[in-house]
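J.: Fold the following, please.
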Amino acid sequence: MSTESRRVLIQFILFVLTLVTTTLAGAELCYGRSPISGEFAWADFLLGLNYSVPFLFILSVHEFGHYLTARYHRVDTSLPYYIPFYLPVIFPFSIGTLGALIRLRERPPSLTKNFDIGIAGPLAGFAAALLVLTYGFLTLPPPEYIFSIHPEYERFGLDYASYVYQPGFAENILNISLGDNFLFNLLSGVLADPTRMPNPHEIIHYPFLLAGYLSLVFTALNLLPIGQLDGGHVVYGLFGSKGHRLIAITFFVAFVFFAGLGTVHPRIPSDEIIFTIVLYAGFLFFTFKGLRLSWQNTLIVALVTLIIQYGVIWMFPSIEGFGSWLLFAFILGRFIGIYHPPALSEEPLSLGRKLLGWLALVILVLCFTPVPVEISVL
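T.: Got it, this is the predicted structure:
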């Protein structure tokens, strides 16, 4: 078997595994059918396809947007590598995958080609997400559908929301609520029958809505104007090397600042606060090393960030960031990188490409979700 054949086989196996893991995640998240419950059946697995198929459809459209554009520009590239990931016991909101990526085997020879390859994925994936969400909102089941997932709600009737989200309703039950997303809320208001629109706490039980919502969240993450994320390619094309550097640093520091709000909190017991501060300061230091400053300046940035975060929380205790973003920030700072390598040819973008670039930045604003999911125990 040739090297290329082995590579394609590995990619196919990864896709199949990701299909399995996202289907298991869909069965659990959307229908409450956990594969570790001991009562999981083939019919439960098939239910999970209602989530995994539209979700992987959007993910695949995104990645093949990159792939086909690279092939069009004759840039050597790989087929997508899908990343299966499903740990239901450790992660209560495990969506079944860490995404997918293609590997460019050579640098695009010009800024224009680099821009085209970078922007094609999020634009294509965004269009696919709109299709899935449109279908989901237009085909909502009757409101009584939720009783098939939560039969314990039925005794309250359709006014169940007044009773079931209160502390003490059930013992050690996870309450998962999706966060505010401007575009998702706009589409629901325009497309959905308001009498069938589910309570925000129950949207995860509607697989097409969940798949579309998550795709909007990940589209925004990909469009962050940092490093060699898709948004980094867009901003590099629009504003050049110096503009990208300034924007990337600003967004990266702001992203870390928001994500870490509340990590060091005045409510932390006094016997734990010093350990928490030292640990978190070390984390910030290694994350900010992606800025490529001297170690002294990196330490200053980390400490100033921590102090301002603590001050904000001290003055506004109810404000809270989204700690899960810290892992993504660490990956950006330590592995993906904050800056964009110089293009081999710096020719300016055409007007049409500039308009598409600004459209991508508008999509970032529309899709960004500060707190994608809130998890509490009733």
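J.: Just list the residues touching the spatially most central residue of the chain, thanks.
T.: Centroid-nearest residue in the chain, with CA atoms, centre = their mean: F218, separated by 3.3 Å. Under the criterion of CB atoms under 8 Å, 6 or more residues apart in numbering, the neighbours of F218 are G99. Where C-beta positions appear, they are placed from N, C-alpha and C, glycine not excepted.
J.: Go again with 10 Å.
T.: Residues near F218 by CB atoms under 10 Å, 6 or more residues apart in numbering: F55, I58, L59, H62, I95, G99, P122, G125, A129, C367, T369, P372.
J.: can you check H233 too?
T.: Going by CB under 10 Å, 6+ apart, H233 touches 108, 111, 114-122, 223, 225, 227, 244, 340, 343, 357, 360.
J.: Could you rerun that using 6 Å?
T.: By CB atoms under 6 Å, 6 or more residues apart in numbering, H233 lies in contact with N114, F115, G118.
J.: Surely the last one is in contact with G231?
T.: What it means is G118. No. Counting by CB atoms under 6 Å, G118 sits too far from G231 to count as a contact (8.1 Å).
J.: returning to what we had before: state the next helix or strand along the chain beyond the one helix or strand the residue nearest to the centre of the chain maps to.
T.: F218 belongs to helix 207-222 when assigned by DSSP states H and E. Scanning forward in sequence from helix 207-222 by DSSP H and E, the next helix or strand is helix 230-260.
J.: Which residue ranges of the stretch 251-378 of the chain form helices?
T.: Using DSSP state H, counting those that start in this stretch, the helices of the stretch 251-378 of the chain run over 270-288, 295-315, 325-331, 351-367.
J.: Any regions of the stretch 151-300 of the chain where pLDDT drops low?
T.: 167-174 (pLDDT under 70).
J.: can you do 80?
T.: Applying pLDDT under 80 to the stretch 151-300 of the chain picks out residues 166-175, 270-271.
J.: Am I right that Y82 is in a strand?
T.: Yes. Assessed with DSSP: H, G, I helix; E, B strand; the rest coil, Y82 lies in a strand.
J.: how about the closest residue to it other than its chain neighbours, what does it touch?
T.: Among residues not flanking Y82 along the chain, T18 sits closest, at 3.9 Å (CB to CB, 6 or more residues apart in numbering). T18 makes contact with Y82, P84, T97, according to CB under 6 Å, 6+ apart.
J.: Okay, and T18 sits in which element?
T.: According to DSSP H and E, T18 maps onto helix 3-31.
J.: What distance do you get for I117 to T195?
T.: 44 Å (CB to CB, to the nearest Å).
J.: higher neighbour count, these two?
T.: More crowded of I117 and T195, by other CB atoms under 10 Å: I117, with 25 against 9.
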